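Chemist: sequence and predicted model, in that order:
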Amino acid sequence: MRDVYILGVGTTACGRFPEKAAHVLGREAAWAAIKDAGIHPRKIEIAFCGHVYQGMGVGQRTLKEIGLVGQPTINVEGACGSGTLSFWEAWRTIAYGQYDIALALGVENLSRVMSGGPLPLEEDDIEVALGMGMPGLYAMRAKRYMMEYGVTPEQLAKVVVKSRKHASMNPIAQYRKETTIEEVLTAPMIADPLNRNMCCPVGDAAAAAVLCSKELVDKLATKEPIKVLGCIAQSGKYS
């Protein structure tokens, strides 16, 4: 296998943007990554677009917005790992010598497909048919963790407090207001012990990365490239 490097990255802000279609968010992230890489868009030889609920041909529509047509563009779906899966595909196609420059993109606009409640899951999935939903699944794991290690609800709330503090310093974070343990614990319960403040919110965003082979990195890099030390994908297990 060949070494693979990251030439550039780009991301949009995270938030609720119902006025922005997925391909618009994707365009912003893809263009930012290409600009950060310092290359002409036509240098991109292949692209992968990860998403779940955005419909047919999102990758093609996204790249057409920035004048990228003709190159292979593959849409991939892997639930909440779709964006990472597109990165893995881009890395793999370079590592195994098929292409030298690839674009990995992840995009989702949940504001346009959800009005509230949990994410829609496949009803004919055996675990979903038996009552499994995402909040309930993670609630069971949290309950088990609390039982095994003596974790309290207040300690769970500290995770939210920590994350919100970090977000308050991130200009593109969805929620930039700090919170307290007391505020976290007063939120409505979703799936005991996880309340609304502990669950993932509905949000919209896109992120992209330009990857390059070792053979071309010295010719193209306009700054210190980032070597990909490892990249792996696997399917999940029974919940």
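Modeler: In hand now; what should we look at?
Chemist: C-alpha from now on. contacts and neighbour counts both.
Modeler: Fine.
Chemist: output the contacting helices and strands for the helix or strand harbouring L103.
Modeler: Secondary structure assignment for L103, by DSSP states H and E: strand 101-109. Using 3 or more Cα pairs under 8 Å, 6 or more residues apart in numbering; DSSP states H and E, the elements in contact with strand 101-109 are helix 22-37, strand 46-50, helix 82-95, strand 204-213.
Chemist: could you dump those to a markdown table with mean neighbour count, mean pLDDT and distance to G57?
Modeler: Formatted as a markdown table, those follow (neighbours: other Cα atoms under 10 Å; pLDDT from 0 to 100; distance: least, Cα to Cα, whole Å):
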| stretch | mean neighbour count | mean pLDDT | distance to G57 |
| --- | --- | --- | --- |
| helix 22-37 | 24 | 94 | 9 |
| strand 46-50 | 26 | 95 | 9 |
| helix 82-95 | 23 | 94 | 14 |
| strand 204-213 | 27 | 96 | 16 |
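Chemist: in stretch 157-176, what's buried?
Modeler: Across stretch 157-176, burial judged by 16 or more other Cα atoms under 10 Å covers A157, K158, V160, V161, R164, K165, A167, S168, A173, Q174, Y175, R176.
Chemist: next, the contact list for Y138, please.
Modeler: By Cα atoms under 8 Å, 6 or more residues apart in numbering, the contact list for Y138 is empty.
Chemist: and it, how close does it get to T12?
Modeler: 28 Å (Cα to Cα, to the nearest Å).
Chemist: the helix or strand of the chain with the lowest mean pLDDT packs against which elements?
Modeler: Lowest by mean pLDDT, DSSP states H and E among the helices and strands of the chain is helix 126-129, with a mean of 70. Applying 3+ Cα pairs under 8 Å, 6+ apart, one finds that helix 126-129 makes contact with no other helix or strand.
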